[in-house]
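Participant: Just the structure for this:
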Amino acid sequence: MKTSDIKTREELEGLFQSSKIQEIADSMRNTGFDKSFPIILGTGPWTEFPVVVDGHSRFEAARSIGINDVSTAEKDFDTLGEAIAYAIHVQRDRRNLTDGEMLRAIQSLDNQRGRGGDRDTETGRFIPRAQGCANGEATKSSVKTARMLGVGARTVEKARTVNRDADEQTKEAIARGELSINKAYEQVREKKQFAALGTHQRTDDGLQTQIELHELAHIFPPMPDAEMESLVESIKTHGLVHPITTYQGKILDGKERYKACIIAGVKPRYTAYMGDDPLSFLNSQNLMRYHLPLEEKEAILAEVEKLQVLRK
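Facilitator: Numbering: from 1, shown residues only. I've put the predicted structure just below:
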């Protein structure tokens, strides 16, 4: 089939963005287009003409070096959702999907369900265990999607929360491989927790300013509910022992103490960080304080090192 006659569709084309198109093109220059691996074109009532379902990278590589004829095979699908599911299936069988690809795949599948999938019920609000919070229970559609992607249902629920509530900058960072779905979910959840606590005003030289989290404060994960309960009770009894550290007018260190103060009804106290290395300060204040598994601490250290390079 002539490459000029092949059509694509946005919902399928954007699922998997290969970084190896140039590598594939270089191979094709030496060996030509391998006809034993045809480009799969989808047909059905959902499309006016056959469109690429699998083989976008090979198609783009062939077109980029002027190969005009490629082998194709048609496969019929009743719906666009079935075509998307097939594309995910064949890609998953070939390799592990990146978090960026997984995020796009889940969004595409949910879009085809017409209502964005079964919604994640988390509000991000801190709820004491005594209230019987049933967070984390997977929905039926998340289980189905998880089986298709070869991941846990909870990962699908977290991805849905990120797709729904994260800003575009966060989603782009996931697509570039700079942020995981899990880390993005923690950031989204934390922002929702702060929003649920309500607006708190602090005084800076007589001016009333709204307190926010500094972007660096997201490096460390939110405190588990049981530990937050203990911190709330401690602050109720003893008050805030260590003030909250701000940087550039936002909370740098002490985000959990801030949340506990609001829940306990205790007015937070602040001190400003005046140094020039907020990352190292944050790391020194928190790495030993947090009760984290060794592998998670190592991941945090790696992220700190990466951010230090980016901020230079």
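
Participant: just the helices in the stretch 201-312 of the chain please.
Facilitator: Using DSSP state H, counting those that start in this stretch, the helices of the stretch 201-312 of the chain run over 225-238, 255-264, 278-286, 294-311.

Participant: weakest of these by average pLDDT?
Facilitator: In terms of average pLDDT, helix 294-311 trails the rest of those, at a mean of 61.

Participant: which secondary structure elements does the strand or helix carrying residue 195 contact?
Facilitator: Assessed by DSSP states H and E, residue 195 sits inside helix 181-197. Under the contact criterion of 3 or more C-beta pairs under 8 Å, 6 or more residues apart in numbering; DSSP states H and E, helix 181-197 touches helix 99-112, helix 153-165, helix 168-175, helix 255-264. (Glycine included, C-beta is placed from N, CA and C.)

Participant: low pLDDT regions in the chain?
Facilitator: 114-139, 197-210, 287-312 (pLDDT under 70).

Participant: need the contact list for the spatially most central residue of it.
Facilitator: Compute the mean C-alpha point of the chain, and by C-alpha atoms, centre = their mean the closest residue is residue 181, 3.1 Å away. Going by C-beta atoms under 8 Å, 6 or more residues apart in numbering, residue 181 touches 99, 102-103, 155, 158-159, 162, 174.

Participant: Report the spatially closest residue to it, excluding sequence-adjacent ones.
Facilitator: Of all residues not flanking residue 181 in the chain, residue 99 sits nearest, at 4.7 Å (C-beta to C-beta, 6 or more residues apart in numbering).

Participant: pretty sure that neighbour contacts residue 174?
Facilitator: Yes: assessed by C-beta atoms under 8 Å, residue 99 is found in contact with residue 174 at 5.4 Å.

Participant: Residue 183: how many residues sit nearby?
Facilitator: Close neighbours of residue 183, defined as other C-beta atoms under 10 Å, add up to 22.

Participant: Please list all residues in contact with it.
Facilitator: residue 218.

Participant: what's the spacing between it and residue 225?
Facilitator: Using C-beta to C-beta, to the nearest Å, residue 183 is found at 19 Å from residue 225.

Participant: so which of the contacts of residue 181 comes closest to residue 113?
Facilitator: Closest approach between the contacts of residue 181 and residue 113, by C-beta to C-beta: residue 159, at 14.3 Å.

Participant: tell me, how many neighbours does that closest one end up with?
Facilitator: When neighbours are defined as other C-beta under 10 Å, residue 159 has 31 of them.

Participant: Not counting its neighbours along the chain, what's nearest it?
Facilitator: Excluding the flanking residues, the one nearest residue 159 by C-beta to C-beta, 6+ apart is residue 106, at 4.7 Å.

Participant: ok, now which ones touch that neighbour?
Facilitator: With contacts defined as C-beta under 8 Å, 6+ apart, the neighbours of residue 106 are 117, 145, 149, 156, 159-160, 163.

Participant: ok, now residue 253?
Facilitator: Counting by C-beta under 8 Å, 6+ apart, residue 253 touches 217, 244-245, 273, 281-282, 285-286.

Participant: would you list those in CSV and tack on neighbour count?
Facilitator: CSV is the format used below for the contacts of residue 253 (neighbours: other C-beta atoms under 10 Å):
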residue, neighbour count
217, 23
244, 20
245, 21
273, 17
281, 17
282, 22
285, 17
286, 18
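
Participant: nearest to residue 1, of the helices and strands packed on helix 181-197?
Facilitator: Of all the helices and strands packed on helix 181-197, it is helix 99-112 that lies closest to residue 1, at 25.3 Å by C-beta to C-beta.

Participant: now whichever helix or strand comes after that closest one: how far from the chain's centre is it?
Facilitator: Downstream of helix 99-112, the next assigned helix or strand under DSSP H and E is helix 140-149. A distance of 17 Å separates the centroid of the chain from that of helix 140-149, by C-alpha atoms, centre = their mean, to the nearest Å.

Participant: So residue 37 is in contact with residue 58, correct?
Facilitator: Yes: taking contacts as C-beta under 8 Å, residue 37 lies within contact range of residue 58: 7.1 Å.

Participant: Could you check which of these two is surrounded by more residues?
Facilitator: residue 58 (23 against 13).

Participant: for the helix or strand the more buried one falls within, packing partners?
Facilitator: Taking DSSP H and E as the definition, residue 58 sits inside helix 56-64. Helix 56-64 sits against helix 21-31, with contacts defined as 3+ C-beta pairs under 8 Å, 6+ apart.

Participant: Could you tell me how far the helix it packs on lies from the centre of the chain?
Facilitator: Computed by C-alpha atoms, centre = their mean, the chain-centroid distance of helix 21-31 equals 32 Å.

Participant: How about stretch 17-27?
Facilitator: How far stretch 17-27 lies from its chain's middle: 26 Å, per C-alpha atoms, centre = their mean.
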